[in-house]
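Trainee: here is a sequence together with a model predicted from it:
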Amino acid sequence: MEQLHNMLVSYNSRYIPANYRRSWSNQFCEQKFPLYWEKVFLELKKFDRNSKIIEVGCGQGDVTSIMCYLGFKYVRAYEMDEQMCEIAIKKIEYLFGRRDIIVCNKYPQKYENADILVLVNCAYADDCVTKNDYINKMLDFYIYAGKPKVFLLEVIDPEYDIPDDNFPYCIRLTENDIRDMFPQASIHWYQTYRYPINKRTKKLYVIQH
Ligand SMILES: C[S@@+](CC[C@H](N)C(=O)[O-])C[C@H]1O[C@@H](n2cnc3c(N)ncnc32)[C@H](O)[C@@H]1O
């Protein structure tokens, strides 16, 4: 993990222009990476490298790098922002020589089976007005990926109870919401951020069938 960390810090600080840096991407130039990145690394490490992974909202490719570093053969990482996507493409090609990974498009585009679905640090309300809208959006993502055996899903936790236009109440899900969404699954979670130490409270759920 440390080796990949060093590769990313070095690449990000040298090659990502300052005006393309975002608050979340800046975390990948720092001494310590966000906890969700470490947890995704440790969770993915457990799985067969022939597993197909779909990542939703890969941004500048720092989580995608984990999949390449660990040697997963089949990875599709969707990013709908053109600028972010270009950065991710260049990074993944430079570090791993792979051009078959980043998809510059909004997820989902079509039904596409995966074994593992990853959606971390990517909580957007879009058109959702109620909690059910957001739950259905997450379930749609899961269904479009062919109901994969593993879903790494990070959500805003309602323990964070401050009004916030970027992260409205309707996208804040409890552990019970997640268990109701996946009643047959074995589920464990990590607290990845906690308000007020962090700007928000988030949990990363590992949902397995
Ligand atoms: C906050 S960034 C984080 C990127 C990455 N997950 C990480 O942790 O480094 C979230 C990204 O998700 C992208 N995004 C959000 N919804 C998406 C969707 N449905 N399909 C593709 N990209 C999406 C946004 O454009 C944004 O760049």
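Mentor: Yep, that arrived. Numbering: from 1, shown residues only.

Trainee: and the protein, which residues reach the ligand?
Mentor: Residues of the chain found near the ligand, taking Cβ under 6 Å from any ligand atom as the criterion, are 24, 56-59, 62-63, 78-81, 84, 106-107, 120-122, 124. Yep, even glycine has a C-beta here, placed from its N, CA and C like the rest.

Trainee: need the buried ones from those selected in PyMOL.
Mentor: Isolation of the buried members of the residues of the chain next to the ligand (16 or more other Cβ atoms under 10 Å) is achieved in PyMOL through the command below:
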select buried, resi 56+57+58+59+62+63+78+79+84+107+120+121+122
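
Trainee: which ones among the residues of the chain next to the ligand are found in helices?
Mentor: In helices, defined here by DSSP state H, the members of the residues of the chain next to the ligand are W24, M84.

Trainee: so what secondary structure elements neighbour the helix or strand harbouring W189?
Mentor: With elements taken from DSSP states H and E, the one containing W189 is strand 186-193. Judged by 3 or more Cβ pairs under 8 Å, 6 or more residues apart in numbering; DSSP states H and E, the packing partners of strand 186-193 are helix 35-44, helix 175-181, strand 202-208.

Trainee: keeping just the C-alphas, turn stretch 114-134 into PDB.
Mentor: Taking only C-alpha atoms (Å, rounded to 0.1, in the frame of the first residue of the first chain), the coordinates of stretch 114-134 have been written out as PDB:
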ATOM      1  CA  ALA A 114     -19.400  -7.100 -12.700                       C
ATOM      2  CA  ASP A 115     -18.300  -9.100  -9.700                       C
ATOM      3  CA  ILE A 116     -17.400  -6.000  -7.700                       C
ATOM      4  CA  LEU A 117     -19.000  -2.600  -7.800                       C
ATOM      5  CA  VAL A 118     -17.200   0.400  -6.200                       C
ATOM      6  CA  LEU A 119     -18.800   3.700  -5.400                       C
ATOM      7  CA  VAL A 120     -16.800   5.700  -2.900                       C
ATOM      8  CA  ASN A 121     -16.600   9.400  -2.200                       C
ATOM      9  CA  CYS A 122     -19.300   9.900  -4.800                       C
ATOM     10  CA  ALA A 123     -22.500  10.900  -3.100                       C
ATOM     11  CA  TYR A 124     -24.600  13.100  -5.400                       C
ATOM     12  CA  ALA A 125     -28.300  13.800  -5.000                       C
ATOM     13  CA  ASP A 126     -28.800  14.600  -8.800                       C
ATOM     14  CA  ASP A 127     -32.600  14.500  -9.200                       C
ATOM     15  CA  CYS A 128     -33.300  12.700  -5.900                       C
ATOM     16  CA  VAL A 129     -35.800  14.500  -3.700                       C
ATOM     17  CA  THR A 130     -36.600  11.800  -1.200                       C
ATOM     18  CA  LYS A 131     -34.500   9.100   0.500                       C
ATOM     19  CA  ASN A 132     -36.400   6.500  -1.500                       C
ATOM     20  CA  ASP A 133     -35.200   8.200  -4.700                       C
ATOM     21  CA  TYR A 134     -31.600   7.900  -3.600                       C
END
